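Peer 1: the sequence and its predicted three-dimensional model are supplied below.
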Amino acid sequence: MLKIRNGRDFIGGLTMICVALLFIWFGRELNVGNSFQMGPGYFPFMLSLLLIAIGALIVVGSIVVHAEESEPETWNWMAFALVILGPVGFGLALSGLGLAPTMFLLIVGVAAASRYANWRHSILLGLFLSVCSVLLFTRLLALPVSAFGPWVPFFGSV
């Protein structure tokens, strides 16, 4: 008898498959072409097929034939809330705080959702990724985003 061992992986794999099928559906009018003469729909179609394959592997990995009895996992509601609200907060705070502080707060805040995250490592990761983001997006790619926004007046000109 089949039993779902990990419900989150099962739902995640099905979600990946559904998203890939939506991308195939939305791009159905694009010319796919072939490997030698690629059309505008080739790359999205191939990525969607790859996403379907990865989702199917995750779904198959979450199912076992004869599962042993175990305690059901408790849901970590704080993790769900932080992971969902993190990007929303990032979008709302980016124009006021700037890229560096917003990235730092996002990483440290979402790391609080993990049971395994260490505060020291989260702060170091947040600092490292903030510096790398500022260098990449403001200096190398020259995107119109400031490193520090008007809410951080002492770094506003950086």
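Peer 2: Cool, the structure landed.
Peer 1: so where's the chain uncertain?
Peer 2: Filtered on pLDDT under 70, the chain yields the residue ranges 1, 65-70, 155-158.
Peer 1: hey, where'd the strands end up in it?
Peer 2: 3-4, 63-64 (DSSP state E).
Peer 1: distance of residue 109 relative to residue 79?
Peer 2: Taking Cβ to Cβ, to the nearest Å as the measure, residue 109 and residue 79 are separated by 11 Å. The way it works is simple: take the backbone N, C-alpha and C, and place the C-beta from them, glycine included.
Peer 1: swap in residue 28?
Peer 2: Note on residue 28: its distance to residue 79, by Cβ to Cβ, is 36 Å.
Peer 1: who has more neighbours out of the two?
Peer 2: Using other Cβ atoms under 10 Å as the criterion, residue 28 and residue 79 rank with residue 79 on top: 14 against 10.
Peer 1: residue 114 is in contact with that one, correct?
Peer 2: Yes: at 7.0 Å, residue 79 counts as touching residue 114 under the criterion of Cβ atoms under 8 Å.
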